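Participant: predicted model and sequence follow; I will ask about them next.
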Amino acid sequence: MGTAVAGAAARVAGGELSDRLGRRPVLLGALSLRVLLFLGLSAAIHLELWVIFIAFLYLGVRFSGALAMPAATAMVADLSAEEERMRAYGILRVGANLGWALGPSVGGFLKTFLPYQALFLLTATVSALCLVVALLFLRESLGKKRAERMGFAEVFDALRDPVFRKFIGLSLLVFLVMGQLVSTLSVFVVDRLGLSTAHFGGMLTLNGLLVVALQYPLARVLERRSRRRVLALGALLYGLGYLSMGWFRTFTALLGAVGVATLGEILFMPAALAVVAHLASPAERGRYMGLWGLAESFGWSAGPLIGGVLLDLFPHDPRPMWGIIASLAFAACLGFLRSGSGKEGASQFSS
């Protein structure tokens, strides 16, 4: 829960700071903080209260990563043309998922012959190299017009936009389904179906590999399509993927279900980021990205809670559990499709 709160706060703070100070200072600050935190983790191993120190430092690492996200996504919007944003966000997601997929494997391999202190020190070194590259080559993308005021009241000004508010609400339904991927699915696969943790790890690996392999080409193919229809299709695939888990019992079948849900993720995420960039003015893109990221953080936090309650309510028959979860994605799908009806809705989600 602590990491979720830290991540949510960092998303909002990072968005506000990127509109006020610029994208580059926030990204450089987040990288600098990351270097210091990993150096701290390396040193904390030898302290008497090392467990407590590591917990706080790990929380800081999560904070620094979340702090950078609104600035990074806003910078992509600054640097790309409207019609190319899905492709641009596809490239960003390929890089992020490649790191997510390779990071644990590389870390596990290095752990076989390096102590934790050396691992943290190595991570700090790699982060420092990234910081040097950013200092040398990263240029500010925000123009001269900056956010004039910052404060708690101003943070949520974007929610006065009814179209953005509706988009966040529909996105939140999808994020609640996304949040089932790790904890709920792992308990279901390992404890309920009796498969191994290696089987569950294979599902996560498939998720990462599919994103790396298909994200960019699909984003390029779909970038000229109606975004609300792409969002609706992504939500639909999410729902179908998780709904089918109520009937599947074998590892191969579950891999297929994860593959369908991953296709939903591949369609939904770049289109959603492109819509957020479209709805915001250049001077408020960080704020909009931060608030949308806040909804994402809430979905990833509340999703496992909902999944855990449903696991307890339906211990013998998983079909109602996955049906309820899938219904959230189906509701989002209908909401995205209906957003195109009427005079105002015709251009709601940059369709």
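Facilitator: It's in. Numbering: from 1, shown residues only.
Participant: average pLDDT for stretch 250-264?
Facilitator: Averaged across stretch 250-264, the pLDDT comes to 96.
Participant: tell me how far it lies from the chain's centre.
Facilitator: Chain-centre distance of stretch 250-264: 19 Å, with CA atoms, centre = their mean, to the nearest Å.
Participant: need the residues that contact it.
Facilitator: With CB atoms under 8 Å, 6 or more residues apart in numbering as the test, stretch 250-264 has contacts from 181, 189, 193, 195, 199, 202-203, 206-207, 210-211, 214, 233-242, 244-245, 248, 329. C-beta: built from backbone N, CA, C; applies to glycine.
Participant: okay, buried residues for stretch 256-272 please.
Facilitator: Buried residues in stretch 256-272, defined by neighbour count with 16 or more other CB atoms under 10 Å: 257-258, 260-272.
Participant: repeat for stretch 297-305
Facilitator: Ser297, Phe298, Gly299, Trp300, Ser301, Gly303, Pro304.
Participant: need the max-distance pair from those.
Facilitator: Ser297 and Pro304 (12.5 Å; CB to CB).
Participant: let's have the buried residues of stretch 297-305 in CSV, adding pLDDT.
Facilitator: What follows is those, written out as CSV (pLDDT from 0 to 100):
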residue, pLDDT
Ser297, 90
Phe298, 91
Gly299, 92
Trp300, 89
Ser301, 89
Gly303, 92
Pro304, 92
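Participant: and the residues you listed, which of them are in helices?
Facilitator: Among those, DSSP state H puts Ser297, Phe298, Gly299, Trp300, Ser301, Gly303, Pro304 in helices.
Participant: closest one of those residues to Ala283?
Facilitator: Ser297 (23.6 Å).
Participant: ok, so of the ones in helices among the buried residues of stretch 297-305, who is nearest Val106?
Facilitator: So of those, ranked by how close each gets to Val106 (CB to CB), first place is Trp300, at 23.6 Å.
Participant: just checking, that closest one touches Ala4?
Facilitator: Yes - counting by CB atoms under 8 Å, Trp300 does reach Ala4; the two are 7.2 Å apart.
Participant: OK, contacts around Ala326?
Facilitator: Counted by CB under 8 Å, 6+ apart, Ala326 has contacts Val177, Tyr238, Gly239, Leu240, Tyr242, Leu243.
Participant: give me the neighbour count for the closest residue to Val26 other than its chain neighbours.
Facilitator: With CB to CB, 6 or more residues apart in numbering as the criterion, Val26 has its nearest non-adjacent residue at 4.0 Å, and that residue is Ala71. Ala71 has 30 neighbours, counted by other CB atoms under 10 Å.
Participant: quick one: the nearest residue to Tyr89 once chain neighbours are set aside and Leu67, what's the gap?
Facilitator: Excluding the flanking residues, the one nearest Tyr89 by CB to CB, 6+ apart is Pro270, at 3.9 Å. Distance check for Pro270 against Leu67: by CB to CB, to the nearest Å, it reads 22 Å.
Participant: got it, and Leu131?
Facilitator: Taking CB to CB as the measure, Leu131 falls 14 Å from Leu67.
Participant: coming back round to it: reformat the ones in helices among the buried residues of stretch 297-305 as CSV; add distance to Ile324.
Facilitator: As requested, these are exported to CSV (distance: CB to CB, whole Å):
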residue, distance to Ile324
Ser297, 22
Phe298, 18
Gly299, 15
Trp300, 18
Ser301, 18
Gly303, 12
Pro304, 14
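Participant: so where's the stretch 1-150 of the chain uncertain?
Facilitator: Scanning the stretch 1-150 of the chain for pLDDT under 70 picks out 1-3, 47-58, 145-150.
Participant: in it, which spans are strands?
Facilitator: Assigned by DSSP state E, counting those that start in this stretch, the stretch 1-150 of the chain shows no strands.
Participant: which residue ranges form the helices in the protein?
Facilitator: Under DSSP H, the chain gives helices at 2-20, 23-44, 50-79, 85-111, 116-137, 152-155, 162-178, 183-187, 197-222, 227-244, 251-279, 285-313, 318-338, 342-345.
Participant: from those helices, which stretch is densest packed?
Facilitator: Of all those, helix 227-244 has the most neighbours on average by mean count of other CB atoms under 10 Å, namely a mean of 24.
Participant: any idea of the angle it forms with helix 251-279?
Facilitator: 160 degrees (axes from the mean of the first three to the mean of the last three CA atoms, to 10 degrees).
Participant: when you give positions from now on, start the count at 599
Facilitator: Let's use 599 as the start, then, which means that last one is helix 825-842.
Participant: outline the domain layout of the protein.
Facilitator: 600-734, 756-936 (automatic domain parsing).
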